[in-house]
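**Q** Coordinates for the following, if possible.
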Amino acid sequence: MEDGILLIQNYGNSINPYTFFAECEEKYLVLEKVHTQQSLTPDSEADPF
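**A** Down below sits the predicted model:
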């Protein structure tokens, strides 16, 4: 994992055959961490509707 990015090789070759996700045809899968900003103090006076 580098800078929040994870690269997975989904399948091998004829010498080293393997498959992680058979439903997916892509050779490389990139998973990227998404940073979200959350409020640390709940707004108790806000009307939820």
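
**Q** I'd guessed residue 20 sits against residue 26; true?
**A** No: using CB atoms under 8 Å, residue 20 is not in contact with residue 26, being 10.6 Å away. Bear in mind the C-beta positions are built from the backbone N, C-alpha and C, glycine included.

**Q** Please enumerate the shared neighbours of the two.
**A** residue 10 (CB atoms under 8 Å, 6 or more residues apart in numbering).

**Q** Can you name the residues that contact the residue positioned nearest the centre of the chain?
**A** The centroid of the chain falls nearest to residue 31 when counting by CA atoms, centre = their mean (3.4 Å). By CB under 8 Å, 6+ apart, the contact set of residue 31 is 5, 6, 7, 8.

**Q** List the ones among the residues you listed that fall in strands.
**A** 5, 6, 7, 8 (DSSP state E).

**Q** Now the closest residue to the second one other than its chain neighbours. Its backbone dihedrals?
**A** Right, the one you point to is residue 6. Nearest residue to residue 6 in three dimensions, chain neighbours excluded: residue 31, at 4.4 Å (CB to CB, 6 or more residues apart in numbering). Main-chain dihedrals, residue 31, degrees, to the nearest 10: phi -110, psi 120.

**Q** so where's this protein uncertain?
**A** Within the chain, the segments meeting pLDDT under 70 span 1-2, 39-49.

**Q** let's see it at 80
**A** 1-2, 35-49 (pLDDT under 80).

**Q** follow-up on the earlier one: the residue nearest to residue 6 and residue 11: what is the separation?
**A** Plainly put, residue 31 is 16 Å away from residue 11 if you go by CB to CB, to the nearest Å.

**Q** residue ranges of the helices in the chain, please?
**A** With DSSP state H as the criterion, the chain has no helices.

**Q** That one: strands as residue ranges?
**A** 5-9, 28-32.

**Q** tell me which strands and helices the first one is in contact with?
**A** In terms of contact count using 3 or more CB pairs under 8 Å, 6 or more residues apart in numbering; DSSP states H and E, strand 5-9 is assigned the packing partners strand 28-32.

**Q** what's the angle between the strand it packs on and strand 5-9?
**A** 160 degrees (axes from the mean of the first three to the mean of the last three CA atoms, to 10 degrees).
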